[in-house]
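Student: Coordinates for the following, if possible.
(2 chains)
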Amino acid sequence: DAKTTQPPSMDCAEGRAANLPCNHSTISGNEYVYWYRQIHSQGPQYIIHGLKNNETNEMASLIITEDRKSSTLILPHATLRDTAVYYCIVRVGGTGFQKLVFGTGTRLLVSP
Amino acid sequence: NAGVTQTPKFQVLKTGQSMTLQCAQDMNHEYMSWYRQDPGMGLRLIHYSVGAGITDQGEVPNGYNVSRSTTEDFPLRLLSAAPSQTSVYFCASSSNSDSQPQHFGDGTRLSIL
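Tutor: Okay, the predicted model is just below:
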């Protein structure tokens, strides 16, 4: 699986958009980008994933560059409850089981 | 929806004791797995299952046993607890459909004295 690089920490004001970047320059054509977050030692929470197209759900938007070497997770209106460690993970698609490899992630602090 | 349910949430054991961590999911997922997370570190895969009656080892399986008799349940057994097994344990499940994400429980915090 491709390695990912994320900034160790970011700050965001409540109500503003939080844009979390992730570099995955060695990503292969069949590898997806997944985003999870972990709030205060709770279980990792799935946010969103994509292959090449931009994706949006009720939690966030995922923007993947055309060359697929980087992506950005967007929380459109961050709240205090979005304070968490955010993990960008790249793994091969398909139907077989694959373990998730969590790096160190980005610690997002949302402040009033 | 309950999702993935883990019990107990907290447990303290003495060295040498055995116990079973329970994991149940109500999403009819084929895949289930156990990870452990040590302080300041990422998750490491212990064991996983791709269906009832089928299990396999992850990257840190020593000292743990699993079985999968039903689709819903995937218990993790510590045979003889050691202080090195002090950790937070997470169970996850996922569908076997293309690229489906894993969904995690809230974890069991285990301390071995």
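
Student: Point to the residue nearest the middle of the chain.
Tutor: Looking at chain A here, since you left the chain open. Nearest to the mean C-alpha position of chain A, by Cα atoms, centre = their mean, lies A:Trp35 at 3.3 Å.

Student: Switch to chain B, please.
Tutor: Taking Cα atoms, centre = their mean, chain B has its central residue at B:Trp34, 3.0 Å away.

Student: Not counting its neighbours along the chain, what's nearest that residue?
Tutor: Using Cβ to Cβ, 6 or more residues apart in numbering or on different chains and skipping residues adjacent in sequence, the residue nearest B:Trp34 is B:Ile46, 4.3 Å away. For every residue, glycine as well, the C-beta is placed using N, CA and C.

Student: Next, work out how far apart the residue of chain B most remote from its centre and A:Gly93 are.
Tutor: In chain B, the greatest distance from the average C-alpha position (Cα atoms, centre = their mean) is reached by B:Asp98, at 22.7 Å. Look at B:Asp98 and A:Gly93: by Cβ to Cβ, to the nearest Å, they are 6 Å apart.

Student: Next: A:Met10.
Tutor: According to Cβ to Cβ, A:Met10 stands 28 Å off from A:Gly93.

Student: residue contacts, B:Ile54?
Tutor: Remark: with contacts taken as Cβ atoms under 8 Å, 6 or more residues apart in numbering or on different chains, B:Ile54 is in contact with B:Arg68.

Student: Near chain A, which residues of chain B are found?
Tutor: For chain B, the contact set with chain A under Cβ under 8 Å from any Cβ of the partner chain comprises B:4, B:31, B:33, B:35, B:42-43, B:45, B:48, B:50, B:58-59, B:88, B:90, B:92, B:94, B:96-99, B:101-107.

Student: Pull out the buried members of those residues.
Tutor: Among the residues of chain B next to chain A, those classed as buried by 16 or more other Cβ atoms under 10 Å in any protein chain shown are B:4, B:31, B:33, B:35, B:42-43, B:45, B:48, B:50, B:58, B:88, B:90, B:92, B:94, B:99, B:101-107.

Student: Nothing else from me, thank you.
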